[in-house]
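In: test case, fold it:
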Amino acid sequence: MSRAIVVGARCRRQGIGEFITRSLHNVGVGIAGIVGTSEATLAEARRKLETRYGIETPGFASLEAAIEKAQPDMVAICSPNGFHREQLEITARAGLHCLCEKPLWWSDDQADSRAITKALVAAFTMRNRLLDLVTQWPFTLPSFDMLHGNSKSERLQSFEMILSPRSEGEAIIPDCIPHVWSLLYAVAGGGEVRDPTIRYAGGAGREVTVRFRYAHATGDAAVTCRFVTTATKPSPAAYAINGRWMHRQVRLPDYGFEFESNGRTVPAEDPLDLLVADFIRRMHAGELTDAAKLVAAQLAVETVARMTRIE
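Out: Residues are numbered from 1 along each chain as shown. Take a look at the predicted model:
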């Protein structure tokens, strides 16, 4: 059985670590340990994992210590993005596979970012280890196809998305744009973000509208994204391909997933569960890291983030 270390297993604000841990456990991966910032946060995370999911696992104060003592096969990095770079380097040096929360890495100073991103990815590819991002929205495309027909059957001309992050202001861009880009890549293949504009509105920049062109192999798609900060759970989310919308519905209290369009509803599995299961399958199959995809994903986020704020 594969064994995983999860860095940042506590669900604080919009942290996804608790749910990645749950998904790994559900697909039969042993949780060899979790890494946190203090004894108090580790105790809280361990208590929640045991109470909610029956997961008993040790806690560690550092990733190096966790790797040395637990001897995992992979690391799931779910910490704030400012810590990703160092944690990716540690994971790669240890020769482990890695599933990393998006974006791959981030800092206030993105100087030499392309070279840094290529070096981070190369550290995994040279060791034949799988590295990928937590971008689960492409796993909803089968539901879209059930509602609207094959999403890849026609040229992508327009794409729209609504997301409800818990971050605010400029932090919304690295939180949300990777999800947008992952769907564009899944539907139209590799492409380039061009002519982005950003509009910040609401108190503290709690509403962000991003527009850009996605130049892909068969054309040029107009992309519009609306990100509205909310503490509401479950948060609103939807997307449209060539004007055909699909809205996420989450059934409470069991958090079952459905997708709806024009009064029609289709049930669906949790896309995060599907992403984790797919990562583990690829890891066992010896599939290689898609270096070009990861570098392009990072560049797309940075291209949008560099834009001057438009109030």
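In: give me the phi and psi for residue 134.
Out: Main-chain torsions, residue 134, degrees, to the nearest 10: phi -80, psi 80.
In: next one: stretch 114-125 to chain centre, how far?
Out: 18 Å (C-alpha atoms, centre = their mean, to the nearest Å).
In: may I see the buried residues of that stretch?
Out: Across stretch 114-125, burial judged by 16 or more other C-beta atoms under 10 Å covers 116, 117, 120, 121, 123, 124, 125. C-beta: built from backbone N, CA, C; applies to glycine.
In: now the helix or strand harbouring the fourth one, how far from the centre of its chain.
Out: Meaning residue 121. Using DSSP states H and E, the element containing residue 121 is helix 113-125. Distance of helix 113-125 from its chain centroid, counting by C-alpha atoms, centre = their mean, is 18 Å.
In: residues in contact with that helix?
Out: Applying C-beta atoms under 8 Å, 6 or more residues apart in numbering, the contact partners of helix 113-125 are 85, 88-89, 92-93, 97-98, 104-105, 130-131, 288-289, 291, 294-295, 298-299, 302.
In: please report how far residue 6 lies from residue 36.
Out: Using C-beta to C-beta, to the nearest Å, one obtains 10 Å as the distance from residue 6 to residue 36.
In: between those two, who's got more neighbours?
Out: Set residue 6 next to residue 36 and count neighbours by other C-beta atoms under 10 Å: residue 6 wins out with 32 against 23.
In: distance of that one from residue 150?
Out: According to C-beta to C-beta, residue 6 and residue 150 sit 36 Å apart.
In: again, but for residue 104
Out: Per C-beta to C-beta, residue 104 is found 30 Å from residue 150.
In: neighbour count for those two, which is higher?
Out: Neighbour totals were compared for residue 104 and residue 150, and residue 104 leads with 26 against 9 (other C-beta under 10 Å).
In: which residue sits closest to the more buried one, ignoring its sequence neighbours?
Out: Excluding the flanking residues, the one nearest residue 104 by C-beta to C-beta, 6 or more residues apart in numbering is residue 298, at 5.2 Å.
In: likewise for residue 154?
Out: Nearest non-adjacent residue to residue 154 (C-beta to C-beta, 6+ apart): residue 242, at 6.7 Å.
In: now the helix or strand containing residue 196: average pLDDT?
Out: Assigned by DSSP H and E, residue 196 belongs to strand 191-201. What strand 191-201 shows for mean pLDDT is 92.
In: quick one on the thing from earlier: centre of the chain to the helix or strand hosting the residue nearest to residue 104, how far?
Out: Per DSSP H and E, residue 298 falls inside helix 291-305. Here helix 291-305 is found 13 Å from its chain centre; the criterion is C-alpha atoms, centre = their mean.
In: start at 15, not 1
Out: Taking 15 as the first residue, the last one we looked at is helix 305-319.
In: mind giving me the packing neighbours of that helix?
Out: In terms of contacts (3 or more C-beta pairs under 8 Å, 6 or more residues apart in numbering; DSSP states H and E), helix 305-319 is packed against helix 127-139, strand 145-148, helix 186-202, strand 205-215, strand 221-230.
In: what lies in contact with that helix?
Out: Where contact means C-beta under 8 Å, 6+ apart, the residues beyond helix 305-319 that reach it are 116-119, 124, 127-128, 131-132, 135-136, 139, 145-147, 149, 184, 187-188, 191-192, 195-196, 199, 204, 207, 210, 212, 224, 226.
In: can I get the buried part of these as one PyMOL selection?
Out: In PyMOL, a selection of the buried entries from the contacts of helix 305-319 looks like this (16+ other C-beta under 10 Å):
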select buried, resi 116+117+118+119+124+127+131+135+139+145+146+147+149+187+188+191+192+195+196+199+207+210+212+224+226
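In: check the gap between residue 119 and residue 312 for me.
Out: Note on residue 119: its distance to residue 312, by C-beta to C-beta, is 8 Å.
In: again with residue 39
Out: Separation of residue 39 from residue 312 (C-beta to C-beta): 29 Å.
In: who's more crowded, the two?
Out: More neighbours surround residue 312 than the other of residue 39 and residue 312, with 27 against 19 (other C-beta under 10 Å).
In: I'd like to know how far the more buried one sits from residue 95.
Out: In terms of C-beta to C-beta, residue 312 sits 11 Å off from residue 95.
In: can you pull the residues that touch both of these two?
Out: In contact with both residue 312 and residue 95: 117, 119, using C-beta under 8 Å, 6+ apart.
In: can you name the residues that contact the spatially most distant residue from the centre of the chain?
Out: The C-alpha centroid of the chain is most remote from residue 277, which lies 28.7 Å away (C-alpha atoms, centre = their mean). Listed by C-beta under 8 Å, 6+ apart, the contact set of residue 277 is empty.
In: now residue 257
Out: Taking C-beta under 8 Å, 6+ apart as the contact definition, residue 257 lies against residue 172.
In: per-residue pLDDT, it?
Out: Confidence score, pLDDT, at residue 257: 97.
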